[in-house]
Each structure stands twice: as structure tokens, then as C-alpha cells.
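J.: sequence first, predicted coordinates after that:
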Number of protein chains: 2
Amino acid sequence: MYKINLYSVGKDKESWLTDALKLYQMRMQKQIQLHFNWVKNSEQLHKALQKEKQIFCFDPNGATLTSDAFASKLEKGLIEGGSQLALVIGEAHGLTQELKNYPLISFSKMVFTHQLSRLIVVEQVYRAVQIWNNSPYHFS
Amino acid sequence: MYKINLYSVGKDKESWLTDALKLYQMRMQKQIQLHFNWVKNSEQLHKALQKEKQIFCFDPNGATLTSDAFASKLEKGLIEGGSQLALVIGEAHGLTQELKNYPLISFSKMVFTHQLSRLIVVEQVYRAVQIWNNSPYHFS
């Protein structure tokens, strides 16, 4: 069983988002235990990340990957992290310098809300599982 | 008052998405009347688009824009279309050849579900309005 800890700064105030995140979390629970970790600020984030071995961060200046490339990168990260990986969405004004030292992934040149970023990351993780499984979710 | 018709193929079956789309629609109703138009297939889509003057389509092979560039493009499109614009998300297997003749916009190299694509487009339209207004939503 793989385990992914998704870290993001700020609280989830939108109920539609809570619903959507739970739905994806449930759909992939047989292959990935996905945990949502909310922290208040960058300081708390750095503290929380100390217990993580393998960390990827999302940043508009990161590598732009296709969904297939992201699926491969995710699997490699999970294997190298001993079946565990941390994914990090930083604060609205961007990642701290320290976080920029981790592998950076970008899903768009556009700016999204943190709420939407969370959903995009979770959908891409779910899609990655479907890519590993050769499921029609991605290939149809 | 600007009017945007968002066309997409297939029905919206996820209640969290309906909630999220309504929320954004309401938040920008003073500046943009946003209508959601669901069509069954590409044939119905072509038929529906005949009444539109100005049309932009979303496609992974389109131009990758920043949110600011998208905001400018959207405003230009609305002005050229006499305050009205159609935004089109095609079928899962991509846009028809005919639709590829319209200006194409890409928000990511990644593949998203149509549900998520709708939400991303709507959030970017809402963000565009905030960019026109110099609102802290985008600039903070």
C-alpha cells in the first residue's frame, strides 16, 4: 500500500471541495492512502515536512509534465520514499526558498486558487493510479 | 454586461461540481452572465455554435497562457464578439477538425476530466474578472 501526504497551507472552507476530495480519496483507497494535511503557514509546513523522506512541491516554475510523465514520476517517488511520498502546495505568494530545493512540478502557467490546486493534484494522483492500472479512465 | 456561453459535451453528474460552478457563476454575475450549455456530442455542438460569433476552444495543443494573458484574450474576444463569447470544451477524445480552426487555448499539458476542465475554465474566467478589476483575489 502506498501512502501520500498532501500538505497545503490554509483551511478548506468550500464544502464542494471537501466533497470532491473525499470522493477521489475513497476511489483510490485500495492502492493509495491519501491524507490531507493542512498547516497554518510556511513555518508549520517546514516542521511537518521534517518527518518526510521524499518530497515533491508544486510551483508554476516547476517542470511541466504530461499526466503520463507525472504518473511515472509519482511511482518513482513512492518507490524511492519507501512507499511514502509528500506532495506540497505552498502559500499563495509561492514556495519558500527552502522548498524550492525539492523537485518542482508545474501543472499550468495559469494561477489557480489553493482550493482548485488541491483538487487538480488529487485528480492527477487518481489519474496516475488509473495509468498504472491501464484503466479506461485515462485511455478512453 | 458581458455574456459567456460555456459549451461542453456530456452531462454534469457530480454534485460537488454543480455547487462549485453555481458559486462562481453567482460571484461574477454583476459583470458576466455565464451560461452552461451541455450538448450530447460533437454534432450537437457544431449546431449550437452556429449562432455564436466569437468562439475559443480548449485543447492541450493550444496556446499556453498565463492567467493575465488569458484575461486579456478573454476581454478582447468579448469586445470583438459584441460583448458575447463562446468557450468550448470538446469531447474526451479531443476536438473535431472543424473546432481546431478556432483560437485554441491550453491550460495544461496534463489531461483533466471534463468535469474538472469546466471548473478550471470557470475559475479562470472569474479570475480574469478580478484581474480586470485589479482585485486582491489575483494580486495578493
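T.: Nice, thanks for sending it over.
J.: from chain B, how far off is the residue positioned nearest the centre of chain A?
T.: By C-alpha atoms, centre = their mean, the mean C-alpha position of chain A lies nearest to A:Leu87, the distance being 4.1 Å. For A:Leu87, the distance to chain B equals 14 Å [C-beta to the nearest C-beta, to the nearest Å]. For every residue, glycine as well, the C-beta is placed using N, CA and C.
J.: wait, isn't that residue in contact with A:Asp59?
T.: No. At 11.9 Å, A:Leu87 and A:Asp59 do not qualify as touching, with contact defined as C-beta atoms under 8 Å.
J.: ok, back up a step: element containing the residue nearest to the centre of chain A, please.
T.: A:Leu87 is part of strand A:84-89, with elements assigned from DSSP states H and E.
J.: helices or strands up against the helix or strand of chain A with the lowest mean pLDDT?
T.: Least confident helix or strand of chain A, by mean pLDDT, DSSP states H and E, is helix A:136-139 with a mean of 79. Under the contact definition 3 or more C-beta pairs under 8 Å, 6 or more residues apart in numbering or on different chains; DSSP states H and E, helix A:136-139 sits against helix A:114-132.
J.: does chain B sit close to the helix it packs on?
T.: Yes. Using C-beta under 8 Å from any C-beta of the partner chain, helix A:114-132 reaches chain B at A:Leu116, A:Leu119, A:Ile120, A:Glu123, A:Gln124, A:Arg127.
J.: what comes up buried for that helix?
T.: A:114-131 (16 or more other C-beta atoms under 10 Å in any protein chain shown).
J.: what of stretch A:75-84?
T.: For stretch A:75-84, burial by neighbour count (16+ other C-beta under 10 Å) applies to A:Glu75, A:Gly77, A:Leu78, A:Gly81, A:Gln84.
J.: same deal with stretch A:98-108?
T.: Neighbour counts over stretch A:98-108 (16+ other C-beta under 10 Å) mark A:Leu99, A:Tyr102, A:Leu104, A:Ile105, A:Ser106, A:Phe107, A:Ser108 as buried.
J.: let's see which of those end up in strands.
T.: A:Leu104, A:Ile105, A:Ser106 (DSSP state E).
J.: just for chain A, where's the confidence low?
T.: Chain A contains residues with pLDDT under 70 at A:92, A:140.
J.: the same query, at a cut-off of 80, please.
T.: Scanning chain A with the threshold set as pLDDT under 80 gives A:11-13, A:90-94, A:139-140.
J.: remind me, longest strand of it?
T.: Max-length strand for chain A by DSSP E is strand A:55-64.
J.: any part of that one near chain B?
T.: Yes. If you take C-beta under 8 Å from any C-beta as the test, strand A:55-64 does meet chain B, through A:Thr64.
J.: also stretch A:65-79?
T.: Yes. Using C-beta under 8 Å from any C-beta, stretch A:65-79 reaches chain B at A:Leu65, A:Thr66, A:Ser67, A:Phe70.
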